[in-house]
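> structure here, sequence nowhere to be found:
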């Protein structure tokens, strides 16, 4: 009986891994379709506040294995993220204006709803454990011409959210 149970558990884990890998690959393909120029706005809420113009450029690099997202505010590059697959996982490294590099993994992918949520894995170059850093990202793919990014930001135990609403600058409205 225990051999049957072990086989069933192994089969369930394999199916889960394959499904997660398929979801990650489909999400990455969807993200690569963002390539181009985008324009929009940002707004900070929570511990920080402020708003302004935010533009983005997306491009595929590394022989199709990575998507680069460059965000600019007032024409000045402010942050860059790189999306890529890592086995069954969709990963994101965020090169933050705070001077550190949070690494995140897609914990929830629901392309039918246009939802990709990235969870914190670790961070490099953080000066102290309570230093300012991104600890999550919520991506909403509204339609082929609109997307929203929400960076979940933590500093000194306090939370802020930076919401970036973007519209594709090259495509006609859907």
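Alright, I've got the coordinates. The model shown is predicted, which means the values in this text are computed figures rather than measured ones.
> C-alpha only now, for contacts and for neighbours.
Will do.
> name the SS class of residue 26, please.
helix (DSSP: H, G, I helix; E, B strand; the rest coil).
> how much space between it and residue 36?
According to Cα to Cα, to the nearest Å, residue 26 and residue 36 sit 19 Å apart.
> do residue 83 as well
Per Cα to Cα, residue 83 is found 15 Å from residue 36.
> neighbour count winner among the two?
Taking neighbours as other Cα atoms under 10 Å, residue 83 and residue 36 compare with residue 83 leading, 21 against 16.
> ok, that one to residue 51 distance?
Distance of residue 83 to residue 51, computed by Cα to Cα: 25 Å.
> also residue 20?
From residue 20 across to residue 51, the span is 36 Å (Cα to Cα).
> where along this protein do the helices fall?
2-32 (DSSP state H).
> show me the shaky parts of it.
Low-confidence segments of the chain, defined by pLDDT under 70: 1-18, 171-174.
> show me what the closest residue to residue 169 other than its chain neighbours bridges to in the sheet.
Once flanking residues are discounted, residue 169 sits nearest to residue 38: 4.8 Å by Cα to Cα, 6 or more residues apart in numbering. Going by DSSP bridges, residue 38 is paired in beta bridges with residue 56, residue 168.
> strands along this structure, start to end?
Listed from the start of the chain, the chain has strands (DSSP state E) covering 36-46, 50-61, 66-73, 76-86, 89-95, 101-110, 115-124, 133-143, 146-155, 158-168.
> tell me the buried residues in stretch 105-124?
Neighbour-count burial for stretch 105-124 flags 105, 106, 107, 108, 109, 115, 116, 117, 118, 119, 120, 123 (criterion: 16 or more other Cα atoms under 10 Å).
> ugh, typo on my part, it should be stretch 137-145
By neighbour count with 16+ other Cα under 10 Å, stretch 137-145 contains the buried residues 137, 138, 139, 140, 141, 145.
> ok, now stretch 69-89?
Within stretch 69-89, the residues scored as buried using 16+ other Cα under 10 Å are 69-73, 79-85, 88-89.
> next: stretch 122-133.
In stretch 122-133, counting by 16+ other Cα under 10 Å, buried: 123, 126, 132, 133.
> stretch 52-64 now?
Buried, per 16+ other Cα under 10 Å, within stretch 52-64: 53, 54, 55, 56, 57, 58, 59, 60.
> hmm, who's touching it?
Stretch 52-64 is touched from outside by 32, 34-43, 66-74, 164, 166, with contacts defined as Cα atoms under 8 Å, 6 or more residues apart in numbering.
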